[in-house]
Every structure is written in C-alpha cells, then in structure tokens.
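K.L.:
The following block contains a protein sequence and its predicted model.
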Amino acid sequence: MNKVISLLGPTASGKTDLAIHLSKNFDFDIISVDSVMLYKEFNIGSAKPNQETLLKFPHKMVDILNPSDKYSVARFYNDLIKNIKNSHSLGKIPLLVGGSMMYFKTFFSGGLSDVKEVSSDVKDHVRNMMQEYSLDYLHNYLKDIDSSSAKNIHFNDRYRISRMLEIFFSNNEKPSIILNKCAENVQYFQNLNLSIIPIDRVILHNNIEKRLKKMINCGLIDEVAQLLEKHKCSEMPAMSTIGYKQVRDYLQGDLSSDDMRKNILSATRQLAKRQITWLRHLDSTTVYSFSDYDNIEKRIKFFLGERK
C-alpha cells in the first residue's frame with residue numbers, strides 16, 4: 001500500500017511553514033493543493049513560497065499554468081495522481097499541502113469529479129423517463145444496461161436508479177465501471193490526514209490581518225497591476241480569487257483603498273470559516289494546533305512505521 005500524507009487547514013493557518021519544517025525531518029515530496037499557486041505570476045496574493053524557498057524545498061503543482069489557462073478539477077486530480085505515483089517511484093512520501101477543499105474532496109473520493117457533469121438535456125431525459133415509466137420497469141432497464149449496478153440497488157430506490165441512468169447517459173459507459181475506477185483509486189493509497197485548526201479563532205483572524213498587511217507591503221497591488229497590463233485581461237481564472245479580485249476592483253476604480261482591505265479581510269474570514277466547518281466534518285482526520293510539532297511528528301512516524 002502506497003502512503004500519502006495530507007496536511008490540511010484553513011487559510012493563513014501556517015500550513016506551508018509546517019510542511020517545510022516537516023520536510024527537514026522526513027523524506028517528503030511536497031505537493032501543493034492550492035488552486036491559485038498553480039498559476040505563474042500569481043505570487044504574493046497566493047502566499048506562494050518565494051523562489052529561494054522553492055529551490056530549497058521544491059513544491060510540485062506550483063507554477064504549472066499560464067495566467068490565462070483554464071483548469072478543471074478533473075485535470076487537477078489526474079495531475080495530482082501522476083505526481084503522487086512519481087513520488088512513490090522515487091521512494092518518497094507525498095505530502096499534500098493546501099486549503100483547496102474541493103481538490104482534497106476529489107482526491108479522497110477517488111476522483112468522482114471525473115464522472116462527466118450531467119447536462120441539462122440528460123437531466124431532462126432521465127426526469128421524463130422517471131415520470132413516464134414505473135420504477136420496476138426502470139430497474140429492469142438499468143439491469144439490461146448494467147447488471148452490476150442494478151443488483152446493488154432496490155427496485156424502489158428512485159434516487160439511485162435516476163443517478164445511475166444519468167451517469168450512463170452522460171458517459172456512455174456502465175456506471176459500475178466508472179465507480180469501480182474511483183474505488184480502485186481510493187484503495188490504492190493509504191492516507192494520513194492531518195488538519196491544522198487554530199484553537200482560538202481570534203488568533204487565526206489576527207494571522208489573516210497580518211498576512212494581508214504583509215502582502216500589500218510586499219507589492220500585491222503592483223503585482224495585480226502588472227498582470228492586468230501584461231495580459232490585457234481582467235478575467236484570468238485566478239483573478240477572481242480572494243485578494244486578486246478586490247485589488248482588481250480597486251485598480252479599476254470600483255473600490256476605495258479602505259473598502260478593498262475590508263472586503264479582502266471579510267472574504268478571507270468567511271473562507272476560513274467554511275474551511276474549518278468542512279474539516280471538522282471530515283472523516284479519518286486528526287486535528288492539531290499549528291504549534292503542536294511534537295505530536296504531529298509522532299503521528300507521522302507511527303504512520304510510516306517508525307517507532308523511534
């Protein structure tokens with residue numbers, strides 16, 4: 001079984017610093033799970049480690065996209081799996097670090113996002129079938145399409161019959177084959193999930209304020225201005241993310257300087273709240289405070305089979 005360690009936490013909780021600290025003591029390959037660090041030139045507002053740090057502690061899945069590139073969750077999952085397997089082939093332990101919970105959710109579910117999105121046409125078609133035919137008939141219809149799926153679904157289970165039909169019509173493949181691929185991906189890895197959640201929410205909010213001040217002092221506004229000037233487009237995918245969006249609006253005259261700062265802080269706090277809520281409901285995760293280095297390292301050593 002190939003082992004993977006995930007280090008999760010809300011924004012501004014110190015995940016990157018902790019990952020670097022841990023990399024000094026373990027043979028880790030750091031893999032970023034951050035939707036903005038993927039993009040070149042989006043440096044300050046994404047809290048991306050500087051070039052000196054990246055040279056000393058390389059991060060995979062950083063600076064792999066041009067600013068105008070579009071990037072799907074499915075593509076991220078496929079790239080992530082390739083990097084994880086590459087780390088294993090080199091005898092290293094992948095350390096996934098980031099706060100993009102949608103990406104983590106996709107990884108933990110085995111890539112369920114690879115199931116094609118159900119179009120409105122398919123939804124309408126299946127909805128019409130559900131209204132026109134009896135559940136018994138539809139269950140037998142599913143059995144003809146995919147007996148493996150049908151045998152695990154009760155003939156009165158309207159929701160699951162409908163869902164299997166949507167998957168079939170969207171992918172032109174048996175639902176059981178698609179879902180088994182996802183299950184195989186989950187089983188391939190043995191995961192240790194470590195969640196870093198500050199004990200006191202006030203500390204996190206102070207960290208958010210300090211980080212914003214540092215970003216602005218380090219040239220966040222100039223960074224956004226240069227991106228807008230160089231690429232002549234304010235609709236770059238990462239430009240809609242927290243920090244970049246508000247600075248863009250400020251530069252375009254839609255926000256005052258004070259409102260820009262207030263809006264960034266408010267949006268970041270709301271994001272942190274959503275992240276913490278998601279983490280608290282995540283199964284099979286151990287929660288630590290950022291400074292609990294000793295216990296975090298002990299847990300990692302136990303997971304890796306080190307007893308010292």
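P.N.:
Sure thing, it's come through.

K.L.:
Just give me the neighbour total for Ile199.
P.N.:
13 (other CB atoms under 10 Å). (C-beta placed from N, C-alpha, C; glycine too.)

K.L.:
Ser256 now?
P.N.:
10.

K.L.:
So it versus Asp249, what's the distance?
P.N.:
10 Å (CB to CB, to the nearest Å).

K.L.:
cool, and Leu265?
P.N.:
15 Å.

K.L.:
Count the neighbours of Tyr141 for me.
P.N.:
The burial count for Tyr141: 15, using other CB under 10 Å.

K.L.:
Low-confidence ranges, the stretch 151-300 of the chain, go.
P.N.:
Low-confidence segments of the stretch 151-300 of the chain, defined by pLDDT under 70: 182-187, 233-234.

K.L.:
Helices of the stretch 1-150 of the chain, start to end?
P.N.:
15-23, 51-56, 73-89, 101-108, 120-132, 135-145, 147-150 (DSSP state H, counting those that start in this stretch).

K.L.:
quick one: the fifth one to helix 135-145, angle?
P.N.:
Same thing as helix 120-132. 130 degrees (axes from the mean of the first three to the mean of the last three CA atoms, to 10 degrees).

K.L.:
can I see the domain layout of the protein?
P.N.:
Residue ranges for the domains of the chain, per automatic domain parsing: 2-113+186-304, 114-185.

K.L.:
Quick one: end-to-end distance for the longest one.
P.N.:
What that stands for is domain 2-113+186-304. 10 Å (CA to CA, to the nearest Å).

K.L.:
and the closest residue to Ser148 other than its chain neighbours, how far is that from Ile145?
P.N.:
Once flanking residues are discounted, Ser148 sits nearest to Ser176: 3.9 Å by CB to CB, 6 or more residues apart in numbering. Ser176 is 10 Å from Ile145, where distance means CB to CB.

K.L.:
Looking at the two, which one has more neighbours?
P.N.:
With neighbours defined as other CB under 10 Å, Ser176 and Ile145 compare such that Ser176 has more, 19 against 16.

K.L.:
what about the more buried one, distance to Lys70?
P.N.:
From Ser176 over to Lys70 (counting by CB to CB), the distance is 31 Å.

K.L.:
Contact partners for His231?
P.N.:
67-68 (CB atoms under 8 Å, 6 or more residues apart in numbering).

K.L.:
Helix or strand next in line after the host helix or strand of the residue nearest to Ser148, which one?
P.N.:
Per DSSP states H and E: Ser176 is located in helix 175-188. Downstream of helix 175-188, the first helix or strand assigned by DSSP H and E is strand 189-196.

K.L.:
what packs against that following strand?
P.N.:
Counting contacts by 3 or more CB pairs under 8 Å, 6 or more residues apart in numbering; DSSP states H and E, strand 189-196 packs against strand 2-8, strand 285-288, helix 293-304.

K.L.:
The same query, at a cut-off of 10 Å, please.
P.N.:
strand 2-8, helix 15-23, helix 73-89, strand 93-98, helix 101-108, helix 257-280, strand 285-288, helix 293-304 (3 or more CB pairs under 10 Å, 6 or more residues apart in numbering; DSSP states H and E).

K.L.:
out of the ones you listed, deepest packed?
P.N.:
strand 93-98 (a mean of 24; mean count of other CB atoms under 10 Å).

K.L.:
Identify the contacts common to Ser176 and Ile145.
P.N.:
164, 168 (CB atoms under 10 Å, 6 or more residues apart in numbering).

K.L.:
What is the burial count for Lys92?
P.N.:
15.

K.L.:
Please name the residues that touch it.
P.N.:
Contacts of Lys92 (CB under 10 Å, 6+ apart): 26-30, 84, 86.

K.L.:
Quick check, Ile296 in contact with Leu95.
P.N.:
No - counting by CB atoms under 10 Å, Ile296 stays clear of Leu95, with 11.7 Å between them.

K.L.:
and the residue nearest to Ser148, what does it touch?
P.N.:
Per CB under 10 Å, 6+ apart, neighbours of Ser176: 145-152, 164, 167-168.

K.L.:
center of the chain, which residue is that?
P.N.:
Nearest to the mean C-alpha position of the chain, by CA atoms, centre = their mean, lies Tyr103 at 2.2 Å.

K.L.:
if I look at the spatially closest residue to that residue that is not a sequence neighbour, how far off is Lys92?
P.N.:
Using CB to CB, 6+ apart and skipping the chain neighbours, the partner closest in space to Tyr103 is Val33 (5.0 Å). Distance of Val33 to Lys92, given as CB to CB: 17 Å.

K.L.:
Nothing else from me, thank you.
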